[in-house]
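Enquirer: below are the sequence and a predicted model; questions follow.
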Amino acid sequence: MTCGRCRPCRTGRYHVCDELRVRGFQTPGVAQEVAALPADKLIPLPERFSFDEGALMEPAAVGVHATARAGIDTGAVVVVVGAGPIGMMVALAAKARGASRVLVSELSEARRRMVEQLGIDEVVDPREEPLGQAVRNRLGEAPDVIIECVGTQASLSAVFEAAGKGIRLVAVGVYPEQPRVDMARVVEWELDLVGSMMYRREDWLQAVRWVDEGRMNVAPLVTHHYPFADYLAAYRWLDDHADQAMKVMIDVDR
């Protein structure tokens, strides 16, 4: 929910509204019998879409927006740090934009396997192959873009170690604490340091198109289903097994 009055809203960047309230966080969500939504916030989905694909359009839009902020176009070489749901969507959106190579760095073995199943070009375990080393060994030179999707000091530091001069760094991860940033390197290497926050309507529309056209295969990201009666159990399971799950769906018709 946005105010429509602040400068970001007036300039079309309502997703960073000064009074932004996210449904389900700062305002009531839709885990209730009835939820009223503004008509202009609804996007029709193709009839062939499954409910799972429809539910995945929100994180898919995050990936679409982040890759737009990254300026990815045909032939780009991209590194994605983190293969959680958002990192996966970023990698898929980068390929949809025409990236020639996408390398993903991820700690979880289960998530690395999924990266491989989705057809992403390269995936590495940073404990065995630190990001800077992986870039040198597998890409031969610095990528055009590095997109950070974890939100930790360690992952951000790895990004700077892997960066080459004149490239773009995009921060998507949510940082629980204020991280240290090597601003001397940003200046001396003329790095473009860009933040990416959520999405806009056009990102949702692009995500729907790409999934409908088969350019983003999001369905494999659904790893578990729970009936609505086990709503709380689904959240508890996810808390205890975060590295084994990607997207957990709660089925309201079961």
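Expert: Happy to help now that I have it.
Enquirer: could you use CA atoms for every contact and neighbour count after this?
Expert: Will do.
Enquirer: helices of the stretch 1-150 of the chain, residue ranges please.
Expert: 7-10, 51-55, 57-70, 85-96, 109-117, 131-134 (DSSP state H, counting those that start in this stretch).
Enquirer: packing partners for the first one?
Expert: Taking 3 or more Cα pairs under 8 Å, 6 or more residues apart in numbering; DSSP states H and E as the contact definition, helix 7-10 has no neighbouring helices or strands.
Enquirer: ditto for the third one
Expert: For helix 57-70, the contact count by 3+ Cα pairs under 8 Å, 6+ apart identifies helix 85-96, strand 168-171, strand 192-195, helix 201-212 as packing neighbours.
Enquirer: at 6 Å what do you get?
Expert: helix 85-96, helix 201-212 (3 or more Cα pairs under 6 Å, 6 or more residues apart in numbering; DSSP states H and E).
Enquirer: and those: which comes nearest Leu193?
Expert: For Leu193, the closest of these is helix 85-96, at 16.9 Å, according to Cα to Cα.
Enquirer: now the angle between helix 201-212 and the closest one, please.
Expert: 70 degrees (axes from the mean of the first three to the mean of the last three Cα atoms, to 10 degrees).
Enquirer: using CSV, write down the CA coordinates of helix 85-96.
Expert: The C-alpha trace of helix 85-96 is given here as CSV (Å, rounded to 0.1, in the frame of the first residue of the first chain):
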residue,chain,number,x,y,z
PRO,A,85,13.8,-18.4,-3.9
ILE,A,86,14.9,-14.9,-4.8
GLY,A,87,18.3,-15.9,-6.0
MET,A,88,16.8,-18.6,-8.1
MET,A,89,14.3,-16.1,-9.7
VAL,A,90,17.1,-13.7,-10.4
ALA,A,91,19.1,-16.4,-12.1
LEU,A,92,16.1,-17.4,-14.2
ALA,A,93,15.3,-13.8,-15.1
ALA,A,94,18.9,-13.2,-16.1
LYS,A,95,18.7,-16.1,-18.5
ALA,A,96,15.3,-14.8,-19.8
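Enquirer: so Gly166 touches Glu190, yeah?
Expert: Yes. The pair Gly166 / Glu190 is scored as a contact, 5.1 Å apart, by Cα atoms under 6 Å.
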